[in-house]
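Peer 1: I would like the atomic coordinates for the input below:
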Amino acid sequence: MKRNFGFIAMGLVWSVLFAGMSFYWALGGLLGLRSLGGSIYELSLDPPPSFVRMVWLTGFLKLLGFVLLLALLIRWKKPIIAKSLFYAAKIAGAFLFLYGLLNFITITLSAMNILEFELDAYATAWRLVFWEPFWMAGGIFYFFAVTRSAQTPQSKRNETSDPDI
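Peer 2: The predicted structure follows:
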């Protein structure tokens, strides 16, 4: 597994910012909430305790991504751990990107009056210009944080040959 330190660093910053927003909102902050629109914004104006707990939980879940990216920086002795982290980063990246992309598509369809969402023009603009691209950027950071190591023909031959022969 080859690590891309630039993408890992950007992913770490992205994760902290993303979790930080949730923690800020869980503490009662309102800045930026209107840009989300819909029921999330409505709930945030007079949040029930269960909603606040959910926002705290999402903040901590977002920090799990930070932990995943940090784990990529460790040189693991057991290949199964490195392989698991490789696939976890790829799956998380694909999920984040697709989530943002699918939201972008559906919100665009709503803006074109093809689908009906309860998003005002302000939230629609912010979702299309910031939120959904933000999700997609996170997906790119996670997905490209690691790549497969290129193996030389010599190293492949050594792996497949029996050393006792």
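
Peer 1: other SSEs contacting whichever strand or helix holds V52?
Peer 2: For V52, the element it lies in under DSSP states H and E is helix 49-72. In terms of contacts (3 or more C-beta pairs under 8 Å, 6 or more residues apart in numbering; DSSP states H and E), helix 49-72 is packed against helix 5-26, helix 79-111, helix 132-143. The C-beta positions use only the backbone N, C-alpha and C, and glycine is treated the same way.

Peer 1: so how far is the helix or strand just after the last one off the chain centroid?
Peer 2: What it means is helix 132-143. Where DSSP H and E defines the elements, the next helix or strand beyond helix 132-143 is strand 146-147. Relative to its chain's centre, strand 146-147 lies at 16 Å (C-alpha atoms, centre = their mean, to the nearest Å).

Peer 1: Name every strand pairing with strand 146-147 and say which way it goes.
Peer 2: For strand 146-147, the pairing partners within the sheet under DSSP bridges are strand 2-3 (antiparallel).

Peer 1: Residues contacting the strand it pairs with, please?
Peer 2: Outside strand 2-3, the residues that touch it by C-beta atoms under 8 Å, 6 or more residues apart in numbering are L72, L73, A145, V146, T147, R148, S149, A150.

Peer 1: Relative to I81, which of the residues you listed is nearest.
Peer 2: L72 (10.6 Å; C-beta to C-beta).

Peer 1: show me what contacts the closest one?
Peer 2: M1, R3, I8, L85, A89, A145, V146.

Peer 1: What separation do you get for it and R148?
Peer 2: 13 Å (C-beta to C-beta, to the nearest Å).

Peer 1: joint contacts of these two?
Peer 2: Common neighbours of L72 and R148 (C-beta under 8 Å, 6+ apart) are M1.

Peer 1: what's the most buried one of the helices and strands packed on helix 49-72?
Peer 2: helix 132-143 (a mean of 21; mean count of other C-beta atoms under 10 Å).
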